[in-house]
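Asker: turn this into a model:
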Amino acid sequence: MFVARYRKIFFALSIFITLAAIGAMIVFGFNIGIDFKGGSLLEVSYGDVKTDSGLALVRPTLESVQQKINGLGLGGYSVRPSSEDHFIVRTREISPAEKRDVLTALSVDGVAPTEERFNSIGPVVGKELRNKAFVAIVVVIIAIVLFVTFAFRKVSEPVSSWKYGFVTILALVHDVIVPTGAFIAFAHFFGGEIDVLFVTAILAILGYSVHDTIVVFDRVRENLRVNKESHIEEHFETTVGKSVNQTFTRSINTSLTIFIVLAVLYFMGGAVTKNFSFLLLVGVIIGTYSSIFLASPLLI
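Answerer: Below you'll find the predicted structure:
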């Protein structure tokens, strides 16, 4: 199949997009959310608030809001417009009195906006969550590799079972770096931060990616068994190419189904799930790509 024949092209493409993702991380940096560094997040909306004239409250300009908050002495903060009539304010951990002052600063002609959500996390809790998130990702990767190695323990020719696990590691690293870089670039231009939902999406991507990879590897194992029982001498590259060809339609159809669901969630869902669904969209595309065009050629 062309995947095996032109594997050097796919290797080059994978290296290019991986380096581009790493470049995005270096250039734009990691915008860590309050989930991991501590602080307060306040989101307000204006469209549902009616004024005395019966009209909906119009969101003030970003500059006017920043001028009012500057006088509150909160230190470093950020105000970001969200959708058409929302503001998201991120600050250090604030008290209830300071929160009321922020709401006053966000008011228009004395009319306060609607408070959509307010989260406050201390720095100790944020650090603990960050450590647990890192441990969770590492544990998942180790568990996946051990499972793949165990599942293919009886496969020793022409590729040892541990090499299936090693290829899986490379594919998983690829599938974490590329979506992360894409999300950082997306967050830089459209707003977003690395929070608990980000870690949840990465874990889901890891699970999806290895699931798709195992389907291809299992077909390789099955074809090797059939060849051995039938005394068929076949080059390993041919076996892998045939296995990819047999699972190609299934992989694309499954990914397309998930892609449609996530696309609907991205365009029709709320602002809270927008970044989450975007990261999953990229992860599904990259996970499908790596299973077919990276993991299988690497096995060869």
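Asker: where exactly do the strands run in the stretch 1-150 of the chain?
Answerer: For the stretch 1-150 of the chain, the strands defined by DSSP state E, counting those that start in this stretch cover 39-45, 78-82, 86-91, 114-121.
Asker: can you flag the weakest of those by average pLDDT?
Answerer: Per-segment mean pLDDT for these reaches its minimum on strand 78-82, at a mean of 81.
Asker: quick one: the helices in the stretch 101-250 of the chain?
Answerer: 123-151, 161-190, 196-229, 236-268 (DSSP state H, counting those that start in this stretch).
Asker: average pLDDT across the shortest one?
Answerer: If you average the pLDDT over helix 123-151, you get 80.
Asker: ok so, going back, right, and the helices of the stretch 101-250 of the chain - which one's nearest residue 4?
Answerer: helix 236-268 (3.9 Å; C-beta to C-beta). C-beta: built from backbone N, CA, C; applies to glycine.
Asker: and the closest one, what's buried?
Answerer: 236, 239-244, 246-247, 251, 254-255, 258-259, 262, 265-266 (16 or more other C-beta atoms under 10 Å).
Asker: farthest residue from the center of this structure?
Answerer: Most distant from the centre of the chain: residue 231, at 45.2 Å, with distances by C-alpha atoms, centre = their mean.
Asker: now do the phi/psi pair for that residue.
Answerer: The phi/psi pair for residue 231 (degrees, to the nearest 10) reads phi 60, psi 40.
Asker: i'd like the first residue to be 7 from this point on
Answerer: Right, with 7 as the first residue, what we last looked at is residue 237.
Asker: measure it to residue 42 for me?
Answerer: 58 Å (C-beta to C-beta, to the nearest Å).
Asker: also residue 153?
Answerer: 28 Å.
Asker: kindly report the same for residue 295.
Answerer: 29 Å.
Asker: neighbour-wise, which of the two wins?
Answerer: It is residue 42, of residue 295 and residue 42, that has more neighbours when counted by other C-beta atoms under 10 Å, with 26 against 23.
Asker: pLDDT value on the more buried one, please?
Answerer: pLDDT, residue 42: 77.
Asker: how about the contacts made by it?
Answerer: 132, 133, 135, 136, 139, 200, 201 (C-beta atoms under 8 Å, 6 or more residues apart in numbering).
Asker: ok, the closest residue to it other than its chain neighbours - how many residues close by?
Answerer: With C-beta to C-beta, 6 or more residues apart in numbering as the criterion, residue 42 has its nearest non-adjacent residue at 4.0 Å, and that residue is residue 136. Other residues lying near residue 136 total 18 when counted by other C-beta under 10 Å.
Asker: repeat for the one 10 residues further on
Answerer: For residue 146, the number of neighbouring residues by other C-beta under 10 Å comes to 16.
Asker: wait, which of the strands of the stretch 7-156 of the chain is closest to residue 184?
Answerer: strand 84-88 (25.4 Å).
Asker: what lines up beside that closest one in the sheet?
Answerer: Strand 84-88 pairs in its sheet with strand 92-97 (antiparallel), by DSSP bridges.
Asker: stretch 28-37: which residues count as buried?
Answerer: Applying 16+ other C-beta under 10 Å to stretch 28-37 flags 30, 37 as buried.
Asker: so where is the protein shaky, pLDDT-wise?
Answerer: 7, 54-62, 129-131, 162, 276-278 (pLDDT under 70).
Asker: just to revisit the earlier point, the strands of the stretch 7-156 of the chain: which one's closest to residue 70?
Answerer: That would be strand 84-88 among the strands of the stretch 7-156 of the chain, by C-beta to C-beta, at 10.5 Å.
Asker: what's the angle between that closest one and strand 120-127?
Answerer: 140 degrees (axes from the mean of the first three to the mean of the last three C-alpha atoms, to 10 degrees).
Asker: nothing else from me, thank you.
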